[in-house]
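Colleague: Structure here, sequence nowhere to be found:
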């Protein structure tokens, strides 16, 4: 496995393949194609049409500004636009998954952000001397948010927790290194 | 690690998205801008007349309708088949055979290791670990490289990811020597229902 393949596999693990949107799109296109195939086949066999023949559909499109109720037309167009934007955004946005990579010699190592968050939460909790319920850690691609609620009467040094989280991130060699923000709540809770 | 055609997915989704958005915008403009609606009426009339002419030109003697409709049906069937292929190919690549080897001269026959071999080996060596809730191993093929392994483990809440990753990578290196295969390996430390339900990892 060379470097290029490695990078490709890693980026596959970190980005969505867009399978769900692809399947929805395929079903939609299949339904439309089935309908028009049916109408065209009816036409070519010289049978009566089902809803409208393709030619009549063309006429319907031409008359659209006059014949259709403007409200219905606007609503239908909005639905089409929303559907189009859904597919378009799925096509062009990177679709990052909530995961981080850890460099390793042999394997490609991927960590869900949830796993990382629980590790950081444990470190923050032991450093601050609080119970698990008093710590919330949110991990995103570039940020780690640590929220602490101190026990009443016992202060928490945010700088110490910050340093500990930084140390933990360094020990786990998370790439790219996220920014750490530690927030200690103003109000405390009664010790548990 | 699967063989989902990611680039095809992106391209087709983008094109379909552009087409649908254009249609939606067109409909909105028809309602909102009278001048645009007027222009559309003229253009659509022209295209319609041209199309009717084409239909007349392609209608055979003694037939009621143009043979163009048969072409349209065939194109639609081709599109439907393409769409079925597109759905079928999503997430492909899982294999039941990890290694298959044969030598042309000396021996006859083929040696096959089923995907269960690396799976059972890894599961057995990880069975005693207290910091992992579940382990699942799957094998994946690709035309470019040897069969790859995907090791998905759910660590207990609070376990150190790098330690688990290093231990697993060591196991993989051992197994490379044992099985004589060294395809790509993905180690995925995941969260799931089992991790949330089970007790948290104690300080080691």
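Modeller: Yep, it's here. These numbers come from a predicted model, not from an experiment.

Colleague: For the rest of this, base every contact and every neighbour count on C-alpha atoms.
Modeller: Noted.

Colleague: just for chain A, where's the confidence low?
Modeller: Counting by pLDDT under 70, the low-confidence segments of chain A come to A:1, A:191-192.

Colleague: for it, longest helix please?
Modeller: The helix of greatest length in chain A, counted in residues with DSSP state H as the criterion, is given as helix A:19-44.

Colleague: Would it count as contacting chain B?
Modeller: Yes. Legend: contact between helix A:19-44 and chain B by Cα under 8 Å from any Cα of the partner chain is shown at A:19, A:21-23, A:25-27, A:29-30, A:33-34, A:36-38, A:40-41, A:43-44.

Colleague: mind listing the helices for chain A?
Modeller: Counting by DSSP H, the segments of chain A that form helices are A:3-14, A:19-44, A:54-62, A:64-67, A:70-92, A:113-128, A:158-172.

Colleague: Just name the most buried of those helices.
Modeller: Looking across those with neighbours counted as mean count of other Cα atoms under 10 Å in any protein chain shown, the highest average goes to helix A:113-128: a mean of 23.

Colleague: That one - contacts with which helices or strands?
Modeller: When contacts are defined as 3 or more Cα pairs under 8 Å, 6 or more residues apart in numbering or on different chains; DSSP states H and E, helix A:113-128 sits against strand A:135-139, helix A:158-172, helix B:161-179.

Colleague: Let's see that with 10 Å instead.
Modeller: Contact here means 3 or more Cα pairs under 10 Å, 6 or more residues apart in numbering or on different chains; DSSP states H and E; on that basis helix A:113-128 packs against strand A:99-102, strand A:135-139, strand A:143-148, helix A:158-172, helix B:161-179, strand B:185-189.

Colleague: ok and that helix relative to strand A:135-139, angle-wise?
Modeller: 140 degrees (axes from the mean of the first three to the mean of the last three Cα atoms, to 10 degrees).

Colleague: The helices of chain A: which one's closest to residue A:152?
Modeller: Taking Cα to Cα, helix A:113-128 is the member of the helices of chain A nearest to residue A:152, at 12.9 Å.

Colleague: can you give me how far that closest one is from the chain middle?
Modeller: Average the C-alpha atoms of helix A:113-128, do the same for its chain, and the two points are 23 Å apart (Cα atoms, centre = their mean, to the nearest Å).

Colleague: Throw the helices of chain A into a markdown table and include distance to residue B:7, thanks.
Modeller: What follows is the helices of chain A, written out as a markdown table (distance: least, Cα to Cα, whole Å):
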| stretch | distance to residue B:7 |
| --- | --- |
| helix A:3-14 | 11 |
| helix A:19-44 | 11 |
| helix A:54-62 | 33 |
| helix A:64-67 | 37 |
| helix A:70-92 | 9 |
| helix A:113-128 | 26 |
| helix A:158-172 | 32 |
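
Colleague: Residue ranges in chain B under the pLDDT threshold?
Modeller: By pLDDT under 70, the low-scoring segments of chain B are B:199-204.

Colleague: distance from the centroid: which residue in it tops it?
Modeller: Relative to the centre of chain B, and counting by Cα atoms, centre = their mean, the farthest-placed residue is residue B:62 at 49.9 Å.

Colleague: and that one, that's in a helix?
Modeller: No. Counting by DSSP: H, G, I helix; E, B strand; the rest coil, one finds residue B:62 to be coil, located in no helix.

Colleague: which ones are touching it?
Modeller: Taking Cα atoms under 10 Å, 6 or more residues apart in numbering or on different chains, we find residue B:62 in contact with no residue.

Colleague: quick one: it and residue B:161, what's the gap?
Modeller: According to Cα to Cα, to the nearest Å, residue B:62 and residue B:161 sit 77 Å apart.

Colleague: what's the answer for residue A:145, then?
Modeller: Distance, residue A:145 to residue B:161, using Cα to Cα: 19 Å.

Colleague: Which one's more surrounded, the two?
Modeller: The residue with more neighbours, out of residue A:145 and residue B:161, is residue B:161; 22 against 17, by other Cα atoms under 10 Å in any protein chain shown.

Colleague: hmm, back to that, nearest to residue B:45, of the helices of chain A?
Modeller: For the helices of chain A, distance to residue B:45 was read as Cα to Cα. The smallest value, 6.7 Å, belongs to helix A:54-62.

Colleague: residues making contact with that closest one?
Modeller: Outside helix A:54-62, the residues that touch it by Cα under 10 Å, 6+ apart are A:36-37, A:39-40, A:43, A:49, A:51-53, A:63-64, A:66-68, B:37, B:40-48, B:51-52, B:55, B:69.
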